[in-house]
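Predicted model, plus sequence, below.
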Number of protein chains: 2
Amino acid sequence: MPKYNAVTDSVRKELQEIVGAKYVLSDAERMEPYSHDEVTDPKYVKLPEVVVFPENAKEIAAIVTLANREMIPIVPRGAGTGLASGAVPFKGGIVVSLERMNKILEIDTETMFMVVEPGVTTAEVQKAANERGFLYAGDPCSGDSSFIGGNVATNAGGNKAIRYGTTRQQVNGVELVTPEGDIVTFGGKCKKDATGYSLLNLVIGSEGTLGIITKAYLKLVALPENAMDLLAVFPDLKSAIDIVPKINAAGITPTTIEFMDNEAIKTVEVFLSEKLPHSDKGYYIIVTVEGDNEETLEDQCGLIDDLCTQNGALEVLVADPVKIWKARKAYAEADRARSLIFSMEDIVVPVNQIPQAVEKIAELGKKYGNIAIHCAGHAGDGNIHANILKDHMSEDEWHQKLPALQGEIYQMVYELGGKLSGEHGIGYKRVKLLEEYADPTEIKLMRNIKKAFDPNLIMNPGKVIEV
Amino acid sequence: MPKYNAVTDSVRKELQEIVGAKYVLSDAERMEPYSHDEVTDPKYVKLPEVVVFPENAKEIAAIVTLANREMIPIVPRGAGTGLASGAVPFKGGIVVSLERMNKILEIDTETMFMVVEPGVTTAEVQKAANERGFLYAGDPCSGDSSFIGGNVATNAGGNKAIRYGTTRQQVNGVELVTPEGDIVTFGGKCKKDATGYSLLNLVIGSEGTLGIITKAYLKLVALPENAMDLLAVFPDLKSAIDIVPKINAAGITPTTIEFMDNEAIKTVEVFLSEKLPHSDKGYYIIVTVEGDNEETLEDQCGLIDDLCTQNGALEVLVADPVKIWKARKAYAEADRARSLIFSMEDIVVPVNQIPQAVEKIAELGKKYGNIAIHCAGHAGDGNIHANILKDHMSEDEWHQKLPALQGEIYQMVYELGGKLSGEHGIGYKRVKLLEEYADPTEIKLMRNIKKAFDPNLIMNPGKVIEV
């Protein structure tokens, strides 16, 4: 790790000259919101030395050039809705907030692309697309507040990934300020590109360590006119999850297949003070199908109903989307309400390994002294959000048991052909874990790539990969 | 560029020990097929020093380790169906043919992945998927003979890209032998992955310069039960191409939207000795829609018919797929029959810029003394295969005019927001062009990435990027 320099008064002055004095923040109290993301554990909080609010790529290029010259860490930040502490300045330095770069630059309905600045919220992108009769298919759960730049930087997943893919599949180009201060565009409006290495795909999901995204070219697709939601309740997890390959094999590509285990359902029921169907012993599968032809959707729902019933479902309901999605989305909040401190794991396994993974997680919870672990997530793509609850455990016990328990979970996940993060990313939280579980050759290549982009290692240091 | 060493007798002996004597070829006559790809211009032919036929990744790792130690260039080769001379050993060295690695290793219908060795043909992959009721959606025109490893290495495009994406979107993992001889897997059967830089996407489309793909994890999708093909004939190119955004905006996502300009149609008609509809003055748009529900397809075709008619189509025909695809696929052959020497350009522009690009190309053809240039290609994704015919021009005139003409074409393409290759790749043919037209920052980063993977620069040197 290189030796970084502090932000001096003269650097601060230079920053003021670049973006204007009112867009440079040094006051501790006002910088507090920039000291953490959605992870509230004090371990993952660190105050920036300075926060700047540039207006355009040129200003960012000047800031980065300055930081690169002075060997000062630079941390790009979107809406701060991350769950891996990727936007927190653990090595000090300059936080670059993209808040002011919040314009939709172009909606090109002929080529079906939307060009946006990074500080537009995902919800605004979705709304603007819908208003013109198109769909922007990226749909992370944090979409109401998350910035599109952060979605691209983290390759955000979410609820529509099984049909449309993660954010990677929605992005056809980015403008990037490189760690050496160059402004460059990878991709754009061409639907195909065979001109060398896909630097675009390298930047997507690089969590702000290879540069700062200053523009994104987003794909628009046809907006399905109709949607139907089904809630299938199963008596156990295995029969619930087993339905996923059956739905796929039947030639149906739903937009969403989510699951909630029984413990998660019970906790949400308490949190919402609302009776949920079969909450005494049910396991939920929520399926959304979308399309233009209502009849086709009804046929698909009928077929899914049959498949679920054959697979032992207790009941299959046409679900009120508002109610069922409220329950699904309350999952994390409900756990937080029960136990302010909890660890949200983001493991991913091959789809047919979900039952084994969840069963094993339950066993491990018991083994460590009946620690409550709730599981819900994206059944359609094998991505399990396992919440490990601290409940009434002492701080000491928690900090002693948690890493050991996580270690066993990750070990099991890799044995099942899985990975330690499906959509939340490595950020700062999982750097050591990645180094432990990834192939050493992969780690070595990632280090080399980091150096290939960022020879002085100033861009979001200590995230994704430690060099 | 480093100084490479020749393949000595002792190296040849070591190679024989690795793969067995019968799988090492040094005889010039038998090596001839390995001296070129589909580009037959003598400028792009070069005999290997030796060709080896390994059976597995371990043997390849041993070969690469040897080459890396001895500073000998190594060139991976699939079926040799490339169009950019990417598999030709211009700097000498060892050609590694993947022909013997031709096994389908696994068809996992539960997680919907097929795991294959690189030497399986695309057609075999498609067939194996179909037999189990699935679709493998990669579909390059060369699919009957091309190897899947080559498809991945070049991110092959093809006929279904507008609906399913290029090969990149079909691949969820690769096993790779790195240029330093390590065997590593990127991705696999997890449908999501947020564990660091996407090395998988860097390898896809890297044209064998970052390692040798020894296994690929391919996505299977639901197989549409029905298909319908329409041929819409327009009086001019602009009204033909204008139909593309209209079809998209109508909420229809065809599998294919292809186009042929009038000159291309006329040449194919002569070549096939078959009357084609409105060949006197027509411009073709060929649309394929696929789905399970025949009624929906009929509705979609009706809607497309209306849109085409409103847009001035001379006629819209329900096409015999065999006949119409025979005509479209004969495009290159027909030009070759007319003029053995011709240059097939692979430019790509934003979809709505196709008419401008094609008109300008026609103008440039006239400007250079009535050089015949035929255009056809993938209208749905802006990828134009412009064939520049030598016809009866002298060698001298051809070699003098072609680069100047190409230069003006590429200049125009970049002004329209396009790129110099949509799907055929850079290979050896376009290295200098890429360096000329890509952003210098992009070129610099590509060079750094090449070095990050291949410090001794032995892996397919001189392709994609010259270091």
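Perfect, thanks for sending it. Residues are numbered from 1 along each chain as shown, chains lettered A, B, ... in the order given.

Tell me the buried residues in stretch A:63-79?
Within stretch A:63-79, the residues that count as buried by 16 or more other C-beta atoms under 10 Å in any protein chain shown are A:63-68, A:70, A:72-79. (Glycine included, C-beta is placed from N, CA and C.)

out of those, which are inside helices?
A:63-68, A:70 (DSSP state H).

pLDDT and distance to residue A:266 added to the residues you listed, as CSV?
Below are those laid out as CSV (pLDDT from 0 to 100; distance: C-beta to C-beta, whole Å):
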residue, pLDDT, distance to residue A:266
A:63, 98, 49
A:64, 98, 49
A:65, 98, 55
A:66, 98, 53
A:67, 98, 49
A:68, 98, 52
A:70, 98, 54
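
any chance of those residues in CSV, with distance to chain B too?
Formatted as CSV, those follow (distance: C-beta to the nearest C-beta, whole Å):
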residue, distance to chain B
A:63, 17
A:64, 13
A:65, 13
A:66, 18
A:67, 17
A:68, 14
A:70, 21
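
rewinding a little: of all pairs in the buried residues of stretch A:63-79, which one is the farthest apart?
Spanning the widest gap among the buried residues of stretch A:63-79 are A:70 and A:79, at 27.6 Å by C-beta to C-beta.

residue contacts, residue A:99?
Listed by C-beta atoms under 8 Å, 6 or more residues apart in numbering or on different chains, the contact set of residue A:99 reads A:53, A:119.

Can you read off the backbone torsions of it?
phi -50, psi -40 (degrees, to the nearest 10).

Please apply the same query to residue A:93.
Torsion angles, degrees, to the nearest 10, at residue A:93: phi 100, psi -160.

Leaving aside the residues adjacent along the chain, what's closest to it?
residue A:73 (3.2 Å; C-beta to C-beta, 6 or more residues apart in numbering or on different chains).

Name all residues that make contact with the one you found.
By C-beta under 8 Å, 6+ apart, the neighbours of residue A:73 are A:4, A:67, A:89, A:91-94, A:458, A:460-461.

Next, residue A:213: secondary structure please.
Three-state call for residue A:213 (DSSP: H, G, I helix; E, B strand; the rest coil): strand.

Return the distance of it relative to residue B:221.
30 Å (C-beta to C-beta, to the nearest Å).

Can you name the residue of the stretch 201-350 of chain A nearest chain B?
Ranked by C-beta to the nearest C-beta, the top residue of the stretch 201-350 of chain A for proximity to chain B is residue A:201, at 3.5 Å.

my read: that residue touches residue B:197, true?
No. Applying C-beta atoms under 8 Å, one finds residue A:201 not in contact with residue B:197, separated by 9.2 Å.

circling back: the residue nearest to residue A:93 and residue A:449, how far apart?
Counting by C-beta to C-beta - residue A:73 and residue A:449 are separated by 19 Å.

Spell out which helix or strand contains residue A:96, please.
strand A:94-97 (DSSP states H and E).

elements contacting that strand?
strand A:50-52, helix A:57-70, strand A:74-77 (3 or more C-beta pairs under 8 Å, 6 or more residues apart in numbering or on different chains; DSSP states H and E).

how does it look with 6 Å?
Applying 3 or more C-beta pairs under 6 Å, 6 or more residues apart in numbering or on different chains; DSSP states H and E, one finds that strand A:94-97 contacts strand A:50-52, strand A:74-77.

Distance to chain B added to these, as CSV?
Below are the helices and strands packed on strand A:94-97 laid out as CSV (distance: least, C-beta to the nearest C-beta, whole Å):
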stretch, distance to chain B
strand A:50-52, 23
strand A:74-77, 16
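
Could you export those strands as a markdown table, including mean pLDDT and distance to residue A:278?
Formatted as a markdown table, these follow (pLDDT from 0 to 100; distance: least, C-beta to C-beta, whole Å):
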| stretch | mean pLDDT | distance to residue A:278 |
| --- | --- | --- |
| strand A:50-52 | 98 | 49 |
| strand A:74-77 | 98 | 43 |
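
could you dump these to a markdown table with distance to residue B:51?
What follows is those, written out as a markdown table (distance: least, C-beta to C-beta, whole Å):
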| stretch | distance to residue B:51 |
| --- | --- |
| strand A:50-52 | 58 |
| strand A:74-77 | 48 |
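
is chain B contacted by the worst-scoring helix or strand of chain A on mean pLDDT?
Within chain A, no helix or strand scores below helix A:243-249, which has a mean of 85 by mean pLDDT, DSSP states H and E. Yes. Shown here: helix A:243-249 in contact with chain B (C-beta under 6 Å from any C-beta of the partner chain) through A:245, A:248.

contacts for that helix?
The set of residues external to helix A:243-249 that reach it, using C-beta atoms under 6 Å, 6 or more residues apart in numbering or on different chains, is A:257, A:285, A:304, A:307-308, A:311, A:351, A:379, B:110, B:112.

and if you look at stretch A:212-227?
Residues contacting stretch A:212-227 (C-beta under 6 Å, 6+ apart): A:57, A:60, A:76, A:112-116, A:118, A:129, A:133-137, A:149, A:152-153, A:170-177, A:188, A:288, A:290-292, A:294, A:297, B:251, B:253.

Among those, which lie within helices?
A:57, A:60, A:129, A:149, A:152-153, A:294, A:297.

returning to that earlier point: would you list the contacts of helix A:243-249 in a markdown table and tack on secondary structure and neighbour count?
Output for the contacts of helix A:243-249, formatted as a markdown table (DSSP: H, G, I helix; E, B strand; the rest coil; neighbours: other C-beta atoms under 10 Å in any protein chain shown):
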| residue | secondary structure | neighbour count |
| --- | --- | --- |
| A:257 | strand | 27 |
| A:285 | strand | 29 |
| A:304 | helix | 25 |
| A:307 | helix | 19 |
| A:308 | helix | 25 |
| A:311 | coil | 17 |
| A:351 | helix | 26 |
| A:379 | helix | 26 |
| B:110 | coil | 16 |
| B:112 | coil | 25 |
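
Could you identify the most distant pair in these?
Taking C-beta to C-beta, no two of the contacts of helix A:243-249 sit farther apart than A:308 and B:112, at 19.0 Å.
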